[in-house]
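**Student:** Structure, please.
(chains A and B)
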Amino acid sequence: GAVVSQHPSWVICKSGTSVKIECRSLDFQATTMFWYRQFPKQSLMLMATSNEGSKATYEQGVEKDKFLINHASLTLSTLTVTSAHPEDSSFYICSASISRNQPQHFGDGTRLSIL
Amino acid sequence: EDQVTQSPEALRLQEGESSSLNCSYTVSGLRGLFWYRQDPGKGPEFLFTLYSAGEEKEKERLKATLTKKESFLHITAPKPEDSATYLCAVQGVDNNDMRFGAGTRLTVKP
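**Tutor:** Next comes the predicted model:
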């Protein structure tokens, strides 16, 4: 149980393109979903927290107009990287949690490469 | 602010050589401490949650323990397939999110 699916797993695109990443909880309803960014050999850095039906809460230093998050249902959250540039290249990972006292379950990440 | 420090940064073991990974934390009221395993190019895989000092949990060759200041992940007679990065994270009572440590990269040689 507690499976989280993330799609796509790998994206290569030109600078200026907008990229959408989907995160789905397959066998449970997630009241909260989280988006992380991870650089090589570094730990996960929380970007934002999203609750179904409300605006996402962004961490300090994360541009909300750059990284658009939509949590339209209890099983789906999307992250759109708008007008992506090479410095946005990274490994993006989502997670979902049933409730505040439960662990987060992670998707397998999306490798984003901007040329 | 919640802080998590993991040591060592990297650990190389021979197959069968038991050892421990450390996770030191500071948090204003611990809701839970979490251990994850992450393989290269994959998302973290949940291992354990510990909620209070003195608690222990086991899964195969792994055993996690918790005190008021730190947690240990003990690996008994590791195998090459245990090679991965092990991440520790804490959640405070006032937070909905977790703070992660930098991880320990474990390599087990046959």
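
**Student:** residues in contact with B:Asp2?
**Tutor:** Applying C-beta atoms under 8 Å, 6 or more residues apart in numbering or on different chains to B:Asp2 gives the contacts B:25-28, B:90, B:92, B:95, B:99. Quick note: C-beta positions are derived from backbone N, CA and C, even for glycine.

**Student:** Considering only those residues, which also neighbour chain A?
**Tutor:** B:Arg99 (C-beta under 8 Å from any C-beta of the partner chain).

**Student:** What's the ChimeraX syntax to select whichever of the contacts of B:Asp2 are buried?
**Tutor:** Filtering those down to the buried ones (16 or more other C-beta atoms under 10 Å in any protein chain shown) takes a single ChimeraX command:
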select /B:25,27,90,92,95,99
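
**Student:** Residues contacting the helix or strand of chain B at the bottom of the mean pLDDT ranking, please?
**Tutor:** Within chain B, judged by mean pLDDT, DSSP states H and E, the helix or strand with the poorest mean is strand B:99-100; its value is a mean of 92. With contact meaning C-beta under 8 Å, 6+ apart, strand B:99-100 is reached by A:43-44, A:46, B:2-4, B:27, B:87-91.

**Student:** Filter those down to the buried ones.
**Tutor:** A:43-44, A:46, B:2, B:4, B:27, B:87-91.

**Student:** okay, those residues in CSV with secondary structure next?
**Tutor:** Putting the buried ones among the contacts of strand B:99-100 into CSV (DSSP: H, G, I helix; E, B strand; the rest coil) gives the following:
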residue, secondary structure
A:Ser43, coil
A:Leu44, strand
A:Leu46, strand
B:Asp2, coil
B:Val4, strand
B:Val27, coil
B:Leu87, strand
B:Cys88, strand
B:Ala89, strand
B:Val90, strand
B:Gln91, strand
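
**Student:** Just the closest of those to A:Pro86, please.
**Tutor:** A:Leu44 (21.4 Å; C-beta to C-beta).

**Student:** does the closest one really touch A:Glu59, like I thought?
**Tutor:** No - with contact defined as C-beta atoms under 8 Å, A:Leu44 does not reach A:Glu59; the gap is 11.6 Å.

**Student:** ranges for the strands of chain B?
**Tutor:** B:3-7, B:10-14, B:19-26, B:30-38, B:45-50, B:56-59, B:62-66, B:70-75, B:84-92, B:99-100, B:104-109 (DSSP state E).

**Student:** most packed of the ones you listed?
**Tutor:** strand B:84-92 (a mean of 23; mean count of other C-beta atoms under 10 Å in any protein chain shown).

**Student:** ok and that strand relative to strand B:45-50, angle-wise?
**Tutor:** Put simply, strand B:84-92 runs at 40 degrees to strand B:45-50, going by axes from the mean of the first three to the mean of the last three C-alpha atoms, to 10 degrees.
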